[in-house]
Structures are given as C-alpha cells and as structure tokens.
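**Q** Got a predicted structure plus its sequence, pasted below:
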Amino acid sequence: MTRHLLCLSDLGAETITKLLDHADRLLARRKSAWPTWASLMAGEGVDDGARRPLSGKSVALVFEKASTRTRLSLEIAVVELGGHPVFVSSSTSQMGRGEPIADTSRVLSRMVHAVAFRTSSVERLKEMAENSSVPVLNALTDASHPMQLLADLQTVRRVRGRLRGLKYVWIGDGNNMANSWVEAAGLLGLELVVACPAGYEPDPAEVNRAKQRGATLSIVRDPLQAAAGADVISTDVFISMGQEEEQAQRRAAFAGMRVTAGLIERASSEVVVLHCLPAHRGEEIDAEVIDGPRSFVWDQAEARLHTAKAALTWALEADE
Ligand code: CP
Ligand code: NVA
C-alpha cells in the first residue's frame with residue numbers, strides 16, 4: 001500500500017518514535033561528516049558517511065504557497081539521500097492555470113517516486129493523494145503541518161531528553177501548527193495547554209480525538225496562566241498564509257497573546273521556546289525571547305532537514 005503522510009496519524013506513535021530515532025542518527029552522521037580544515041590539509045579523504053537510499057528516485061515538491069524551510073529541507077533531503085528533487089510552483093506550472101489536481105497527480109505518478117504538496121485545503125491534499133500511486137507528503141495545509149511537528153518533537157527530545165512527562169504550551173492562534181500539536185499530544189499522550197482568544201481555537205474534532213486518545217488537553221484564555229511551569233512554549237504567526245485580509249481583526253484579537261520575557265519567567269527554568277518560523281518579532285514573540293537563551297528555533301529549523309530525510313525514507317520504504 002502506498003505510504004502517504006497526510007497527517008501525524010498516518011504514522012502513529014511507534015513510527016513517529018522510529019522516525020525521530022532515525023532523524024537523530026542522520027543529524028549525528030551529518031555533523032560528523034563535515035571535514036575540518038585540518039583534516040583536509042592532512043589529505044584525509046572526505047567520507048561523508050552518507051547512504052543513498054533514494055538513488056535513482058525523483059521527488060516532486062509541489063508548492064501552492066510560499067516556503068523557505070519546507071522547500072529547502074525537502075530539496076536538500078532528497079539530494080543528500082541520493083535522489084533528484086523537482087520543484088513545481090503553482091504559479092509557473094499549469095496548476096496555476098486551472099489544471100485539476102487529479103490530472104496533475106496522475107501525471108506526477110507516472111514520472112516521480114514521491115510528491116510533497118503544500119496547499120491550502122485538506123480537500124486539495126486529499127485529491128492529490130487519492131489520485132496518486134506514489135507517496136504524498138503534506139508540506140502544510142491550512143489545517144495541519146505534520147512535517148514541522150516531527151522537527152519540533154525531535155528538538156524537544158534532544159534538548160529535554162524525552163517527550164512524555166512535560167508540560168507543552170501553545171500560545172496564539174489555533175491554526176495548522178496548533179492542530180498538529182493537538183494531534184501529536186493525542187498520539188503520544190502529552191499534556192498540552194492551548195492559550196488562544198475565543199473564536200481562534202484549534203479544530204474541535206482534532207481536540208476531541210486527542211482527548212479520546214489520552215492527551216491531557218485544556219484550552220485557556222490567559223497566556224500567563226498557561227505558561228506557569230511550562231517545559232515547552234510554542235507559538236506561530238497570528239496571520240497565516242491566506243489570511244491577509246483578516247489582518248486588522250486578527251491583530252486586535254491576539255493583543256496580549258505575545259510570548260514575552262515576563263511570560264517565560266513563569267515557565268520552567270529549562271523551558272524550550274519554539275517557533276516554526278517565519279517570526280514577527282514584537283508581534284507574536286519578543287525579540288529578547290526568540291533571540292534569547294531558551295530559544296531553540298534554529299535547532300528546530302535544522303531539524304526540518306533530518307526529519308524530512310527520515311519521513312521520505314519511511315514513505316519510500318527506502319533502506320536506511
Ligand atoms: N516552518 C515552515 O514551514 O517554514 P516555511 O513556510 O518557510 O516552509
Ligand atoms: N501558520 C503558518 C505556518 C507557516 C510555516 C502559516 O500557515 O502561514
């Protein structure tokens with residue numbers, strides 16, 4: 001059966017753990033792979049230790065929205081795994097002129113070995129997957145961002161040594177990132193507090209499913225209350241891609257939801273501050289927090305590469 005990665009539930013807890021273990025190995029391998037100037041001068045050969053499980057395989061990266069990290073991480077992941085990435089932008093392909101997703105998907109299936117798709121609606125993502133005979137990976141929709149969550153989980157585990165038994169706090173919009181955190185909480189049995197304004201909660205169906213799966217999940221209005229004793233604090237933009245027309249109303253609704261230094265003081269002294277990026281300093285997070293000692297956002301961004309490799313390896317059932 002074709003292995004699609006449309007949401008974290010397509011992986012499940014056991015596979016998520018295996019992917020994170022593999023991503024850790026890939027991270028260590030890549031770090032040790034960089035030759036030092038001294039070793040090069042000593043004439044030592046460059047053994048990057050890399051394996052090439054995607055050798056001879058092509059992966060289409062189909063993007064209908066802007067991206068820096070997701071495109072970079074997937075493109076470099078495919079290259080470093082020995083495959084060939086093909087970036088397809090909706091604005092320069094026939095998709096932008098109305099060619100149906102289903103037809104695009106059928107054509108991609110005849111040419112490439114996997115597809116990563118960034119789009120707006122879940123329906124468009126599903127249409128891509130339902131018409132594809134090769135794995136489709138969700139590179140972000142309005143509803144979720146599972147590939148980012150894998151990187152977030154890898155970062156937390158690397159900094160704090162574990163995932164369970166920590167207090168996770170989401171502050172801000174109940175958006176695609178928040179939904180994926182809720183899904184992760186359900187799958188992995190995490191404690192998650194979401195602080196958001198009324199009307200901006202995560203998807204209620206996702207919240208109910210996570211609670212049924214065993215997450216300890218609460219939604220509160222006061223970010224200071226949420227941050228008390230937090231081990232992980234995550235936030236994201238207040239205005240996601242596609243919501244530009246709601247700017248004024250959103251700015252008003254999210255006043256008071258900024259991750260400030262005062263808020264971090266209430267958290268654990270070992271708190272891990274995350275932001276999937278891009279960030280707006282002074283809007284959803286203060287500069288002194290994102291550029292401060294408890295921020296791990298650059299590790300989090302780097303983790304996109306290692307987790308993308310692990311996810312591609314899983315989807316393509318490629319040998320490690
Ligand atoms: N975090 C993230 O997905 O970033 P990009 O939008 O730059 O890909
Ligand atoms: N919530 C943001 C995430 C960007 C990576 C957006 O959808 O624009």
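**A** Cool, got the structure. Ligands and ions are numbered 1, 2, ... in the order given.

**Q** only C-alpha atoms for contact and neighbour calcs from this point on.
**A** OK.

**Q** Get me the contact residues on the stretch 1-150 of the chain for ligand 1.
**A** With the criterion set to C-alpha under 6 Å from any ligand atom, the stretch 1-150 of the chain comes near ligand 1 through Ser67, Thr68, Arg69, Thr70, Arg71.

**Q** Can you flag the buried ones in these?
**A** Buried residues within those, counting neighbours by 16 or more other C-alpha atoms under 10 Å: Arg69, Thr70, Arg71.

**Q** Packing partners of the longest helix along the chain?
**A** Looking across the chain with DSSP state H, the single longest helix is helix 12-33. On a contact count with 3 or more C-alpha pairs under 8 Å, 6 or more residues apart in numbering; DSSP states H and E, helix 12-33 meets helix 146-160, helix 176-188, helix 297-315.

**Q** mind listing the strands for the stretch 51-200 of the chain?
**A** Here the stretch 51-200 of the chain has its strands, by DSSP state E, counting those that start in this stretch, at 58-63, 84-89, 114-118, 136-138, 167-171, 191-195.

**Q** Quick one: the residues of the stretch 1-150 of the chain next to ligand 1 as JSON lines, columns for distance to Leu263 too.
**A** Output for these, formatted as JSON lines (distance: C-alpha to C-alpha, whole Å):
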{"residue": "Ser67", "distance to Leu263": "30"}
{"residue": "Thr68", "distance to Leu263": "29"}
{"residue": "Arg69", "distance to Leu263": "27"}
{"residue": "Thr70", "distance to Leu263": "29"}
{"residue": "Arg71", "distance to Leu263": "33"}
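
**Q** Show me what from this structure comes close to ligand 2.
**A** Contacts of the chain with ligand 2, taken as C-alpha under 6 Å from any ligand atom, map to Asp142, Asn175, Asn176, Met177, Val237, Ser240, Met241, Cys276, Leu277.

**Q** rerun that using 5 Å as the cut-off
**A** Ser240, Met241 (C-alpha under 5 Å from any ligand atom).

**Q** for stretch 294-309, which positions count as buried?
**A** Buried residues in stretch 294-309 (16+ other C-alpha under 10 Å): 294-297, 299-301, 303-309.

**Q** ok, now which ones touch the nearest residue to Gly96 once chain neighbours are set aside?
**A** Excluding the flanking residues, the one nearest Gly96 by C-alpha to C-alpha, 6 or more residues apart in numbering is Ser90, at 4.8 Å. Residues counted as contacts of Ser90 (C-alpha atoms under 8 Å, 6 or more residues apart in numbering) are Val62, Phe63, Glu64, Gly96.
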